[in-house]
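Colleague: What follows is a predicted structure for the sequence shown.
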Amino acid sequence: MEKYNLTCIMCPLGCSLVATKDGDEIKVTGNNCQRGEIFAKEELTCPMRIVTSSVKTEKGVKSCKTSKPVPKAKIFDVMKEIEKLRLKDAKYGEVVIKNVLDTGADIVITANE
């Protein structure tokens, strides 16, 4: 049996979680809500993250992010795709890469200036 200490990032409480993994079974304690249990199980099986970055335009750089979490293992590959972009301009909310690397997440501009 393996034991993992995690801090839940699903809400501002930041619950201290203890997850035990025995084969395929994962038990979670320390969570104050269901989201903590979901977070811990996902973190041990397929950790996901929102990617935030910036994209180059003719007018400078604009901030961007993924529209939803992507597998942690693909973060650097997603960043490489963002680095390839050279846009004339981009507006807040504009999707600049649809379904990046078949993750189901889009790269979206998050600022006007």
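Modeller: Yep, it's here. Because the structure is a prediction, the values reported are computed rather than measured. Numbers count the residues shown, from 1 in each chain.
Colleague: give me every residue that touches the closest residue to Ile107 other than its chain neighbours.
Modeller: Spatial nearest neighbour of Ile107, excluding adjacent residues (CB to CB, 6 or more residues apart in numbering): Ile97 at 3.9 Å. Where C-beta positions appear, they are placed from N, C-alpha and C, glycine not excepted. Shown in contact with Ile97 (CB atoms under 8 Å, 6 or more residues apart in numbering): 81-82, 85, 106-107.
Colleague: how about those residues, which pair is most distant?
Modeller: Leu85 and Asp106 (12.8 Å; CB to CB).
Colleague: okay, now the residue nearest to Thr103 when sequence neighbours are not counted: neighbour count?
Modeller: Distances taken as CB to CB, 6+ apart place Val70 nearest to Thr103, at 4.4 Å, with adjacent residues excluded. Per other CB atoms under 10 Å, the neighbour tally for Val70 reads 20.
Colleague: how far away is Lys56 from Ser63?
Modeller: As judged by CB to CB, to the nearest Å, Lys56 and Ser63 stand 12 Å apart.
Colleague: again with Lys41
Modeller: Taking CB to CB, one finds Lys41 at 31 Å from Ser63.
Colleague: Let me have the longest helix anywhere in the chain in PDB, keeping just the CA atoms, if that works.
Modeller: Longest helix in the chain by number of residues (criterion: DSSP state H): helix 34-45. Coordinates of each C-alpha in helix 34-45 appear next as PDB, following Å, rounded to 0.1, in the frame of the first residue of the first chain:
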ATOM      1  CA  GLN A  34     -16.300  15.700  -2.500                       C
ATOM      2  CA  ARG A  35     -14.100  17.800  -4.700                       C
ATOM      3  CA  GLY A  36     -11.100  16.900  -2.600                       C
ATOM      4  CA  GLU A  37     -11.600  13.200  -3.100                       C
ATOM      5  CA  ILE A  38     -12.000  13.700  -6.800                       C
ATOM      6  CA  PHE A  39      -8.900  15.900  -6.900                       C
ATOM      7  CA  ALA A  40      -6.800  13.300  -5.100                       C
ATOM      8  CA  LYS A  41      -7.900  10.400  -7.200                       C
ATOM      9  CA  GLU A  42      -7.300  12.300 -10.400                       C
ATOM     10  CA  GLU A  43      -3.900  13.500  -9.200                       C
ATOM     11  CA  LEU A  44      -2.800   9.900  -8.600                       C
ATOM     12  CA  THR A  45      -4.200   8.500 -11.900                       C
END
